[in-house]
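>>> Take this sequence and fold it.
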Amino acid sequence: MASNGVEDAFAVGSVLQAMLTMRSGDNDKKKQAADYLAKFQKSKAAWTTTISILQSSTEAEAQLFAATTLKGKITYDLATQVSEGDLPALRSQILLLLKKYAPGPKPVRVQLCVCLAILAIQMQTWKDVLPTVVSTLGNDVTSHACILDFLRVLPEEVTEGRKITLSEEELSQRTSELLGDNAEQVVQLLINYAQSSPAAATNPQLFDCISSWLREVPVGVVVSSPLMSAVLHGVANDNSLLAAADCLTVICRETKEVDDNRDTIALLLPRLLELRPRIQALVDEDDTEGFKAITRVFAEAGESWALLVARDPQHFRPIVDCLLECCARDKEKDVLHYTFNFWYELKQYLTLDHYMEARVQLVDVFAQLVDILLKQLEYPASDDPNNVDLFDGDREQEEKFREFRHHMGDTLKDSCEVMGVSACLTKVYDAIKLWQEKFGGLATPTSVPHWQSLEAPLFAMRAMGRMVDNGDSSVLPQIFPLLVQIPVSNEKLRFAAIMVFGRYTEWTAAHPEFLESQFQYIVSSFQADSQEILRAAAQSFKYFCTDCKTLLSPQVIQLQAFYDGILDKLPMPSKEEVTEGVAVVLGVQKPEEIYRLLKLYCDPLINRLMVKANQATDEKSKVDLADHINLLTNFAQYVVPYIPSDQENPAVKYWQEVFPILSTILDNFITFIPICERVCRCWRNMVISYRTAITPLLGPLANKLAEGFAASKQGCFLWATSAVLREFSEDREHVEDGITNDIYVFFEAQATNVLRTMSDIKPIDLPDVIEDFYRLLIDALLYYPTKLIPSPLFTPIFQAAISALSLEKQEPVSAALHYIRDLLTYGGPNPATSSDALGTAGAQLRQIVKQLLLEQGGALIKQTMAGMMFTFPSDCFADGSGVLLHMFQLLPQETATWVESTIRMLPAGTVTPVEANRLLSKIKEKLSGSDSDRRQIRILMQDFTNTYRRRYVAPRDGLGQLEATQFHFSG
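So this is what the prediction gives:
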């Protein structure tokens, strides 16, 4: 596609041909075209070619591509490819293009406005931006659209543009020149435009412009100007309703600092209330979008003024009533969610003692809100009472409705806090009684009429569960006898009742007289065919076993028969929930019964496990086998008897019998990652649960973990190793010295294997291993510092950590940085392990760490700064700057030299000598000051790297000298 010479290679015809190729079906040619266009966008020739396309092309797609490319050039390449003397000519070209595209297409026009705005920000010598744009584009109607677009995008680009090649000081000054100094002129321009014609007064672009400039113009100026009348008039006009309402929403949001905007709010409140009749009008017109827009206005006003509502409920009650009306008229559940945050904010104030009087005055509002929500919670009605598919098979719509109901449930909780739980539950009880009186007698084993009006209060009751005190006996003793009579023939009702019982298990534990009937309802539900009922029953069963474990303890034998009988019919998540439940009940049995009961419960699981292992040949059956291992893990987690250290632990005795079976399964499926992970999880939980009591299993367990990693290169074996390392460290009780030494030898063998792996495979292909390895090393450093730091592995581990900092994934980078930060503490007076624990070895460790840093510090600084400027995920910035600060504290002069060296490696033209020297001089100034001054270096480095990252993306052709070196290990 390219020919000799750069200019010919990126000629207009060639670029347009590449765009045509992108529409073809030939993937190879499309890839070539994409590569060609990417090179074109980076080239110097792109400046003239894009302008030529915009001047001559008649195809909208080509025009938009050229405008977008021009925007990218001005954003990324202006400083390096265009001399300062050529900037006025570029500005003139863009202004001419804007005049050409003023009539449209709109996307191209908007992109050109963005181009001009970004140029205006960076062209610091251009002081009369607004007059130039307005005078050049002229005063005809088509130019007005262009001027309004420019006015709208200018504040957005100045305040939100992330890649601007200006220092923070320059950007601050340019912001003041472009926005602050022009604010008054812009307001007058908009007023003049709004008053120029009826069409202008209702132009949506006008309201978008006002919204954008409210970032800079004080909201009081707009509210007290003729623009306010224009906005309200726009809300009354169908053509401009949406844009005007969005603008009014922004105006309300800008008054959120209520004490600073009292006069503005006093002007705004009566103007807003004039819009209340629009609520009913829009509903009557079936104008859904308009109804949403007007609700957003009132919701934003309510959220912004919630404090004022609490202070003066009588004066601001009309706004609350407007929102209540929006909720009540929302038959299609289109706008209700816009109000949720307001009710939450208002609740936050009303539940404070200081606003008790307002709470009393507004409690009736929340009572009405609960009535509305109880109605809104209902599933859609159906002529057929047996029809439970009320969304005509649209699962996405049904899922949205379910999610929406949970949000309504949160607002019900807010109402509970204002009204009191008893008042809310009474409304639920009344709704259930009302259904019983009206339709209870009509219910049959096969049909439940108007079940929706019974299911909704059940859902509401479930949502309120968290609010109910376990000692409460005002309403619940009347409700629960009704719930166990809920007809089981209707799936939705049965599901709702099961979920209610599961939500109130803590209350039931405190009122055991209600346990049997509820638990029987749950157990009988496992006979249902519905998967949804089974899932609900399993979840509730788990909660009953967890919260009522002592009450259910005498039934442990019967529970095993039930558990074994229903396990195979359950989906996997439900198997885990039921297993967790019975394991919790098993965990409260007498220690002398534990071994027998574990065999009773787990031997059938082991038999199933062996059958599945023998039959696991495809991926699905292997995943099923892996999931089944998790069931055993539940027993290891929850069956943890208290046994004196000098006695055999009955649970460990049982797991010794199981261990060879799990080992065999692991050996047979070592290449299947899910099985490796589940077995390691099981073993790790055994170590965590039984701690030093697991000693009889320690030898074979360590061997399997070492063999497993060597064979699979999976991080899960390191994850399990970390539990062993922690529980058998030197400071644990009941651990023999010989065992501690053996565990450390085992750790070093694991570490050596990992380092060999990291030497052979690039970090990008080992993110999980790197994460688990450095999590393991954090423990090793904490519990075995006197062994690890003098170890021959200490230096290669550090070098591998530096190499890992080149990754762009948060978890491994974070783990490596945490390890490095912990390691650096051993070079100073406050190591991660207490100085008392280190004793006289502390000084020797400090010397070793400092020597390591003298040798490797340059690489560490380079890679940390490269990460902060180019590759680190945002969550890693704080740890990166923490590393830099600690290095400045330990080796101040050397670190300053390494920072300077790193800055000199940055791509040419991305940092000016002035900026670099300014940073370095500030660092030297802080280094010569107090300790608090040195801490400010962290802020300096954060500001510098953040500014650099904001201005530049990582070079497309790699980081050059900042590229990480491949880690090599020869141990």
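
>>> Tell me which helix or strand in the protein has the weakest average pLDDT.
Of all helical and strand segments in the chain, the minimum by mean pLDDT, DSSP states H and E falls on helix 6-9, at a mean of 54.

>>> Now the element after that helix, going C-ward?
For helix 6-9, the following helix or strand on the C-terminal side (DSSP states H and E) is helix 12-22.

>>> Heading C-terminal from that following helix, find the next helix or strand.
helix 27-42.

>>> how about whichever helix or strand comes after that following helix: buried residues?
Next helix or strand after helix 27-42 toward the C-terminus (DSSP H and E): helix 46-56. By 16 or more other Cβ atoms under 10 Å, the buried positions in helix 46-56 come out as Ala46, Trp47, Thr49, Thr50, Ile51, Ile53, Leu54. Every C-beta, even on glycine, is put in place using the N, C-alpha and C of the backbone.

>>> Now do helix 46-56: which elements does it pack against?
With contacts taken as 3 or more Cβ pairs under 8 Å, 6 or more residues apart in numbering; DSSP states H and E, helix 46-56 sits against helix 12-22, helix 60-76, helix 87-100.

>>> Just the residues contacting that helix, thanks.
Helix 46-56 is contacted by residues 10-12, 15-16, 40, 62-63, 65-67, 69-70, 73, 81-82, 90, 93, 97, 100-101, 108, 112 when judged by Cβ atoms under 8 Å, 6 or more residues apart in numbering.

>>> List the buried residues in stretch 443-462.
Buried residues in stretch 443-462, counting neighbours by 16+ other Cβ under 10 Å, are found at 443, 448-462.

>>> now do the same end-to-end measure for that stretch.
End-to-end span of stretch 443-462 (Cα to Cα, to the nearest Å): 23 Å.

>>> which residues does Ala536 contact?
Taking Cβ under 8 Å, 6+ apart, we find Ala536 in contact with Phe495, Ile498, Met499, Gly502, Ser525.

>>> For it, which non-adjacent residue is closest in space?
What sits nearest to Ala536 in space, not counting adjacent residues and going by Cβ to Cβ, 6 or more residues apart in numbering, is Ile498, at 4.4 Å.

>>> before we move on, what about Thr833?
Pro785 (5.0 Å).

>>> got the contact list for the one you found?
Taking Cβ under 8 Å, 6+ apart as the test, what Pro785 contacts is Tyr826, Pro831, Ala832, Thr833, Leu838, Leu845.

>>> in the helix or strand encompassing the last one, what's buried?
Pointing back at Leu845 there. Secondary-structure element containing Leu845, defined by DSSP H and E: helix 841-866. Using 16+ other Cβ under 10 Å as the test for burial, helix 841-866 gives 842, 845-846, 848-850, 852-853, 857-866.

>>> Please apply the same query to stretch 705-713.
Quick answer for stretch 705-713 (16+ other Cβ under 10 Å): Leu705, Ala706, Gly708, Phe709, Ser712, Lys713.

>>> do the same with stretch 897-911
Trp898, Val899, Glu900, Thr902, Ile903, Leu906, Val911.

>>> So, low pLDDT: which residues of the stretch 751-900 of the chain?
835-837 (pLDDT under 70).

>>> Quick check: the closest residue to Leu962 other than its chain neighbours vs Ser225, distance?
Spatial nearest neighbour of Leu962, excluding adjacent residues (Cβ to Cβ, 6+ apart): Ala866 at 4.2 Å. For Ala866, the distance to Ser225 equals 50 Å [Cβ to Cβ, to the nearest Å].

>>> Over to Asn27?
Asn27 is 57 Å from Ser225, where distance means Cβ to Cβ.

>>> With Ser901 instead?
From Ser901 to Ser225 the distance is 56 Å (Cβ to Cβ).

>>> Turn the contacts of Pro785 into TSV, including distance to Asp334.
Below are these laid out as TSV (distance: Cβ to Cβ, whole Å):
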residue	distance to Asp334
Tyr826	61
Pro831	60
Ala832	55
Thr833	59
Leu838	65
Leu845	65
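
>>> Between which two of those residues is the distance greatest?
Ala832 and Leu845 (11.1 Å; Cβ to Cβ).

>>> Quickly list what's touching both of those two.
Counting by Cβ under 8 Å, 6+ apart, the residues touching both Ala832 and Leu845 are Pro785, Tyr826.

>>> And the helix or strand harbouring Leu323, what's buried?
In the assignment (DSSP H and E), Leu323 maps to helix 313-328. In terms of neighbour count (16+ other Cβ under 10 Å), helix 313-328 has its buried residues at Pro313, Phe316, Arg317, Ile319, Val320, Cys322, Leu323, Leu324, Glu325, Cys326, Cys327, Ala328.

>>> Then stretch 149-158?
For stretch 149-158, by 16+ other Cβ under 10 Å, it's Asp149, Phe150, Leu151, Arg152, Val153, Leu154, Pro155, Glu157, Val158.

>>> Repeat that for stretch 930-946.
For stretch 930-946, the neighbour count (16+ other Cβ under 10 Å) marks Arg934, Gln936, Ile937, Arg938, Leu940, Met941, Gln942, Phe944, Thr945 as buried.

>>> Next, format those residues as JSON lines and append distance to His337 and secondary structure.
As requested, the buried residues of stretch 930-946 are exported to JSON lines (distance: Cβ to Cβ, whole Å; DSSP: H, G, I helix; E, B strand; the rest coil):
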{"residue": "Arg934", "distance to His337": "50", "secondary structure": "helix"}
{"residue": "Gln936", "distance to His337": "45", "secondary structure": "helix"}
{"residue": "Ile937", "distance to His337": "47", "secondary structure": "helix"}
{"residue": "Arg938", "distance to His337": "42", "secondary structure": "helix"}
{"residue": "Leu940", "distance to His337": "44", "secondary structure": "helix"}
{"residue": "Met941", "distance to His337": "43", "secondary structure": "helix"}
{"residue": "Gln942", "distance to His337": "38", "secondary structure": "helix"}
{"residue": "Phe944", "distance to His337": "43", "secondary structure": "helix"}
{"residue": "Thr945", "distance to His337": "40", "secondary structure": "helix"}
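
>>> Now tabulate the residues you listed in TSV and tack on pLDDT.
Output for these, formatted as TSV (pLDDT from 0 to 100):
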residue	pLDDT
Arg934	75
Gln936	83
Ile937	85
Arg938	85
Leu940	84
Met941	87
Gln942	85
Phe944	83
Thr945	84
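
>>> Looking at those, which two lie furthest apart in space?
Arg934 and Thr945 (17.8 Å).

>>> hang on, the earlier thing: helices or strands next to the host helix or strand of the residue nearest to Ala536 in the packing?
If you go by DSSP H and E, Ile498 is part of helix 491-503. If you count contacts as 3+ Cβ pairs under 8 Å, 6+ apart, helix 491-503 packs onto helix 452-463, helix 476-483, helix 515-525, helix 531-547.

>>> who's in contact with Lys100?
When contacts are counted by Cβ under 8 Å, 6+ apart, Lys100 touches Leu54, Gln55.

>>> what's around Ser874, how many residues?
8 (other Cβ atoms under 10 Å).

>>> Number the chain from 46, please
Fine by me, first position is 46 from now on; the one you just mentioned is Ser919.

>>> Apart from its neighbours in sequence, what residue is nearest Gln86?
Using Cβ to Cβ, 6+ apart, the closest residue to Gln86 is Thr114 (5.3 Å).

>>> and that neighbour, how many residues sit next to it?
With other Cβ under 10 Å as criterion, Thr114 counts 22.

>>> what stretches of the stretch 46-195 of the chain score poorly on pLDDT?
Looking at the stretch 46-195 of the chain by pLDDT under 70, you get 46-54.

>>> which residue sits closest to Leu643 in space, ignoring its chain neighbours?
Tyr699 (4.4 Å).

>>> helix, strand or coil for that neighbour?
What DSSP: H, G, I helix; E, B strand; the rest coil gives for Tyr699 is helix.

>>> residues contacting it?
Neighbour list for Tyr699: Ile639, Tyr640, Leu643, Lys644, Cys647 [criterion: Cβ under 8 Å, 6+ apart].

>>> ok, now with 7 Å
Residues in contact with Tyr699, defined by Cβ atoms under 7 Å, 6 or more residues apart in numbering, are Tyr640, Leu643, Lys644.

>>> Could you do Gln126 as well?
For Gln126, the contacting residues are Lys89, by Cβ under 7 Å, 6+ apart.
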